[in-house]
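**Student:** okay, here's the prediction I keep looking at, along with the sequence it came from:
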Amino acid sequence: MELTIIGSGAIGGTLGAHMIRAGHDITLCDADAAHVAAINERGLTIEGPIDEFTVEARAVTPDRLPDRIEHAIVAVKSLHTRSAAELLRRRLAPDGYVLTVQNGLTADTLIDVVGRARVVSSFVNFGADLMAPGRIMQGNVATFRVGELDGGRITPRVRELAEALPYAEATDNVLGYLWGKEAYGAMLWAGAVSDLTIAEHLEDPRYRPVMIAIAREVLAQAPVKVESFDGFDPDDIEGSLDRLAAFNRRSAKQYSGIYRDLVVRKRKTEIDEMLRDISGPIFSKVAEIIHDIEQGRRVNERANLDELARFVATLSAA
């Protein structure tokens, strides 16, 4: 398969490395010039408990993309979706398509630029971190589903992608998985305001009411049947906490990408894009704390999660 990956960090780079090793013709694109240079000079390395290997790879910065792209994957942070889409406006072949592997409900931004018929979506739940230019740690293997936005059918291009991508399976309800991840992701946003690992904040009895309430707040907004994955069950949120904690304890990736953006990479998170997808008093409170951390008014600490717990208790008592 001939494919260009726009955003070749943790997720995009992991997918690209596995596909290159499997024999596909992959071009990696990333705005990080040091990452691109390292890949071209030394190859792209995947490390960690799942597999360790290095592939020779072709990498470019956005200004060096070819004029025509047959198939693309967009794997940038959701706040950069518009920029990624514009790279495809005049490049994506008339009969080509783009697959989003991003967090959140980003398809509409891509649709605005390339048209609904050329956008495919996916749900990605494996964890990975960009450790250094040219080096990615893959923490685990988890659910990966590819499907058409309109659901109800599995098309030839979805089957083609599912066969080519590592760990992927086709689905006729990709939006159901994405809304499940919105609910699970809301728990990760809540936990990321602290310094606890994912497993710690999910299983701590002091914060269970927060996790249950914020997940339910999101699920109430889902316009589709929400799917289960990796221990998450929309019909059993309380039981999901123990299962998700166990799932995350088995991963080498102990902290969420949100936490790493705030503490390690010290960069803007995707919180404003998430606020366009979901609403509600609890998630809005989380966003308020995230903004405070981004702007240096707070640090990631358990006290923030304690504050959230009191806020949820007050809502419940009202």
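**Tutor:** All right, it came through fine.

**Student:** show me the strands in this structure, by range?
**Tutor:** Here the chain has its strands, by DSSP state E, at 2-6, 25-29, 44-47, 53-55, 58-60, 69-74, 92-100, 119-124, 128-132, 135-138, 144-147, 169-170.

**Student:** how distant is the longest helix that the chain contains from the center of its chain?
**Tutor:** Assignment by DSSP state H gives helix 174-192 as the longest helix of the chain. With C-alpha atoms, centre = their mean, to the nearest Å as the basis, helix 174-192 stands 10 Å off its chain's centre.

**Student:** then stretch 54-65?
**Tutor:** The chain centre lies 21 Å from the centre of stretch 54-65; the measure is C-alpha atoms, centre = their mean.

**Student:** would you mark the buried spots in it?
**Tutor:** By neighbour count on 16 or more other C-beta atoms under 10 Å, the buried set for stretch 54-65 is Val55, Ala57, Ala59, Val60, Leu65. C-beta here means a position set from N, CA and C on the backbone, and glycine is covered the same way.

**Student:** quick one, which of the strands of the chain is nearest to Arg82?
**Tutor:** Among these, the nearest to Arg82 by C-beta to C-beta is strand 69-74 (10.7 Å).

**Student:** contacts for the closest one?
**Tutor:** 1-7, 12, 15, 81, 84-85, 88, 91-93, 96-102, 106, 110 (C-beta atoms under 8 Å, 6 or more residues apart in numbering).

**Student:** mind saving the C-alpha coords of that strand as PDB?
**Tutor:** Only the C-alpha atoms of strand 69-74 are listed here, as PDB (Å, rounded to 0.1, in the frame of the first residue of the first chain):
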ATOM      1  CA  ILE A  69      -1.000  11.800  -2.500                       C
ATOM      2  CA  GLU A  70      -3.100   8.700  -3.100                       C
ATOM      3  CA  HIS A  71      -3.800   7.700   0.500                       C
ATOM      4  CA  ALA A  72      -3.000   9.500   3.800                       C
ATOM      5  CA  ILE A  73      -3.200   9.100   7.500                       C
ATOM      6  CA  VAL A  74      -3.600  12.100   9.700                       C
END
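
**Student:** name the strands paired with it and say parallel or antiparallel.
**Tutor:** strand 2-6 (parallel), strand 92-100 (parallel) (DSSP bridges).

**Student:** give me the mean pLDDT for it.
**Tutor:** The pLDDT scores in strand 69-74 average 98.

**Student:** and the angle from that strand to strand 25-29?
**Tutor:** Angle, strand 69-74 to strand 25-29, by axes from the mean of the first three to the mean of the last three C-alpha atoms, to 10 degrees: 50 degrees.

**Student:** quick one, strand 69-74 and strand 119-124 angle?
**Tutor:** 40 degrees.

**Student:** quick revisit: closest to Leu165 out of the buried residues of stretch 54-65?
**Tutor:** Looking across the buried residues of stretch 54-65 and measuring by C-beta to C-beta, the closest to Leu165 is Val55, at 15.4 Å.

**Student:** wait, isn't the closest one in contact with Arg42?
**Tutor:** No. With contact defined as C-beta atoms under 8 Å, Val55 does not count as touching Arg42 (10.7 Å).

**Student:** export the strands of the chain to CSV and tack on distance to Asp204?
**Tutor:** As requested, these are exported to CSV (distance: least, C-beta to C-beta, whole Å):
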stretch, distance to Asp204
strand 2-6, 37
strand 25-29, 39
strand 44-47, 30
strand 53-55, 37
strand 58-60, 41
strand 69-74, 35
strand 92-100, 33
strand 119-124, 27
strand 128-132, 23
strand 135-138, 25
strand 144-147, 29
strand 169-170, 33
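
**Student:** nearest to Gly280, of these?
**Tutor:** With C-beta to C-beta, the closest approach to Gly280 among those belongs to strand 119-124: 21.7 Å.

**Student:** contacts for that closest one, please.
**Tutor:** So strand 119-124 is contacted by 11, 97-101, 107, 110-111, 143-149, 157-158, 161, 168, 171, 174-175, 177-178, 180-181, 229 (C-beta under 8 Å, 6+ apart).
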